[in-house]
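S.K.: Curious how this folds, go ahead:
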Amino acid sequence: MSSTSYSIMNEPMSRSQHTHTLSNSKPTPSVAAGKGGAIHDPEPMDVLSGRGGAVNSHEGNKRYRKLVNLMKAEYLSETTRKNQKTQIAANIVRTIRNSESPGPGRFLKQDPETTLWYEIGDKAAFRKTGQALREKSADFREEKASASSNMIGLASEHQYYPPHQTCTIHIRVESCCDSCHTH
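M.R.: Prediction:
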């Protein structure tokens with residue numbers, strides 16, 4: 001079984017951080033829909049469901065889109081299996097929920113009748129994130145293929161030498177699942 005280690009943040013890892021490994025197992029939802037009851041005012045790091053400028057410009061949604069875009073290449077890779085894709089989506093959700101700086105976020109949807117916000121829960125957040133990772137996937141693959149062929153052409157002309165870089169993405173969590181108790 002292959003696995004990939006990720007950690008999403010810009011800070012060095014501390015004792016309270018744990019690198020979660022992608023596996024072929026299905027992620028277990030831990031936040032139920034409606035948890036926390038009605039919410040009058042979303043926090044800045046919350047991810048809001050819906051359409052329009054207010055949702056798109058919300059700070060938490062901007063951060064969420066950055067994380068999604070950061071993981072899109074791995075998610076859309078031909079070698080990434082279906083269960084691994086589910087794990088990638090779940091890890092993005094956990095990153096939002098467990099972030100210490102600038103703060104944790106929730107996944108919220110507004111009730112159109114009351115205008116109050118409610119937690120959508122992990123199952124819906126995983127689905128939402130998977131959809132966001134697939135969004136514009138044809139364009140993404142086309143751009144990647146074009147860029148790759150351009151690099152190969154430049155490299156063969158000795159004008160471009162791809163850098164050898166390793167990128168590790170860390171997820172800060174206190175306890176990411178029942179089987180993970182070490183930090």
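S.K.: residues contacting residue 132?
M.R.: By Cβ atoms under 8 Å, 6 or more residues apart in numbering, the contact set of residue 132 is 64-65, 68. Glycine gets a C-beta too; all of them are placed from N, C-alpha and C.
S.K.: mind redoing it with 6 Å?
M.R.: Counting by Cβ atoms under 6 Å, 6 or more residues apart in numbering, residue 132 makes contact with residue 68.
S.K.: so it is in which element?
M.R.: Assigned by DSSP states H and E, residue 132 falls within helix 121-134.
S.K.: What residues of that helix count as buried?
M.R.: 121-122, 124-126, 128-130, 132-134 (16 or more other Cβ atoms under 10 Å).
S.K.: do the same with stretch 97-117
M.R.: 97-99, 105-110, 117.
S.K.: can you list the residues that contact stretch 65-81?
M.R.: Outside of stretch 65-81, the residues within contact range by Cβ under 6 Å, 6+ apart are 8, 85, 88, 92, 132-133, 137.
S.K.: okay, these in CSV with pLDDT next?
M.R.: Listed next are those as CSV, based on pLDDT from 0 to 100:
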residue, pLDDT
8, 45
85, 96
88, 97
92, 97
132, 96
133, 97
137, 75
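S.K.: which of those tops the neighbour count?
M.R.: Counting neighbours by other Cβ atoms under 10 Å, residue 92 leads the contacts of stretch 65-81 with 27 neighbours.
S.K.: How about the contacts made by it?
M.R.: The neighbourhood of residue 92, defined by Cβ under 6 Å, 6+ apart, consists of 67, 129.
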